[in-house]
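3D model of this:
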Amino acid sequence: MLELYEAVIGLEVHAQLLTSSKAFCSCPTEYGAEPNVNVCPICL
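As a prediction, this is how the structure comes out:
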């Protein structure tokens, strides 16, 4: 019965980068800003 299953293990990494803009748009990354302020249609 155990031969029917294969263990698959993944790794997820989170990192906080010291950048002044996002990767795919020029929206700011101001920490502590009001919710939904540092977004645009591209990063949504």
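
chain center to stretch 14-31: distance?
10 Å (Cα atoms, centre = their mean, to the nearest Å).

residues contacting it, please?
Applying Cβ atoms under 8 Å, 6 or more residues apart in numbering, the contact partners of stretch 14-31 are V37, N38, V39, C40, I42, C43. Bear in mind the C-beta positions are built from the backbone N, C-alpha and C, glycine included.

buried ones in that stretch?
If you call a residue buried by 16 or more other Cβ atoms under 10 Å, then stretch 14-31 has these buried ones: K22.

mean confidence score for that stretch?
Per-residue pLDDT over stretch 14-31 has a mean of 87.

please save the CA atoms from it in CSV.
C-alpha atoms of stretch 14-31 as CSV (Å, rounded to 0.1, in the frame of the first residue of the first chain):
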residue,chain,number,x,y,z
HIS,A,14,10.0,34.9,2.2
ALA,A,15,12.4,37.9,2.1
GLN,A,16,11.9,41.5,2.8
LEU,A,17,13.9,43.6,0.2
LEU,A,18,15.1,47.1,0.8
THR,A,19,13.7,48.6,-2.4
SER,A,20,11.9,51.9,-3.0
SER,A,21,9.5,50.4,-5.7
LYS,A,22,7.9,47.1,-6.6
ALA,A,23,9.2,44.6,-9.1
PHE,A,24,6.7,45.1,-11.9
CYS,A,25,5.5,48.7,-11.4
SER,A,26,6.7,52.0,-9.9
CYS,A,27,4.3,52.0,-6.9
PRO,A,28,6.0,53.0,-3.7
THR,A,29,6.5,50.5,-0.9
GLU,A,30,5.9,52.8,2.1
TYR,A,31,5.8,50.8,5.3
